[in-house]
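>>> okay, predicted coordinates and the sequence, questions at the end:
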Amino acid sequence: MNLQELLTKLETPIIIRPTRRMTQGELETYLDEAADILRGNADHSEFRGYVFALPFYKRISDCYEEEVRTQADALAKAGMPRDQAILLARDLSA
């Protein structure tokens, strides 16, 4: 069965997108439209507060993961099994 036969049997056909790369302008327009859909009726200035907070949360998360990795490596180097070292490094109450 070829692609065309498969597409004709589908109730809702799959849209095949072109394989060319988007231009910078097309990408910006696409992302603006996606942001409008996600934002809904929220005001731009109101929504900006949520968006600006995301990089800070991402940085905190990355620092935490790096610290866990460092602690787990140290524990594993001291002879603890790797899976236990990761669990202990993630344990905030220890």
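Sure thing, it's come through.
>>> contacts, neighbours, all on C-alpha from now
Will do.
>>> quick one: pLDDT of Ala74?
Per-residue confidence (pLDDT) for Ala74: 93.
>>> and the one 5 residues further on, by the same measure?
At Gly79, the pLDDT value in this model is 93.
>>> quick one: it and Ala72, what's the gap?
Going from Gly79 to Ala72 by C-alpha to C-alpha, to the nearest Å gives 11 Å.
>>> comparing these two, which residue is more hemmed in?
For Gly79 versus Ala72, neighbours defined as other C-alpha atoms under 10 Å are more numerous around Ala72 (23 against 10).
>>> so the spatially most central residue of the chain, which state does it fall into?
With distances taken as C-alpha atoms, centre = their mean, the residue of the chain nearest its centroid is Lys58 (10.2 Å). Of the three states, Lys58 takes helix according to DSSP: H, G, I helix; E, B strand; the rest coil.
>>> okay, and the helix or strand of this protein with the least pLDDT?
Scoring the helices and strands of the chain by mean pLDDT, DSSP states H and E places helix 3-9 at the bottom, with a mean of 68.
>>> count the residues that sit near Leu27.
Leu27: 12 surrounding residues under other C-alpha under 10 Å.
>>> oh sorry, the question was meant for Arg39
Residues lying near Arg39 (other C-alpha under 10 Å) number 14.
>>> touching, it and Phe47? I think so.
Yes: taking C-alpha atoms under 8 Å as the definition, Arg39 is a contact partner of Phe47 at 7.0 Å.
>>> related to what we said a few turns ago, the helix or strand just after the least confident helix or strand of the chain: which residues count as buried?
Per DSSP states H and E, the first helix or strand lying C-terminal to helix 3-9 is helix 24-39. When burial is assessed from 16 or more other C-alpha atoms under 10 Å, helix 24-39 yields no buried residues.
>>> just the CA atoms of helix 24-39, as CSV, please.
Output of helix 24-39 as CSV, limited to C-alpha atoms (Å, rounded to 0.1, in the frame of the first residue of the first chain):
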residue,chain,number,x,y,z
GLN,A,24,12.8,34.0,10.2
GLY,A,25,9.7,36.1,9.5
GLU,A,26,7.5,33.0,9.1
LEU,A,27,8.8,31.6,12.4
GLU,A,28,8.1,34.8,14.2
THR,A,29,4.6,35.0,12.8
TYR,A,30,4.0,31.3,13.7
LEU,A,31,5.2,31.8,17.3
ASP,A,32,3.2,35.0,17.7
GLU,A,33,0.1,33.2,16.6
ALA,A,34,0.9,30.3,19.0
ALA,A,35,1.4,32.8,21.9
ASP,A,36,-1.9,34.5,21.1
ILE,A,37,-3.7,31.1,21.3
LEU,A,38,-2.0,30.3,24.6
ARG,A,39,-2.5,33.7,26.1
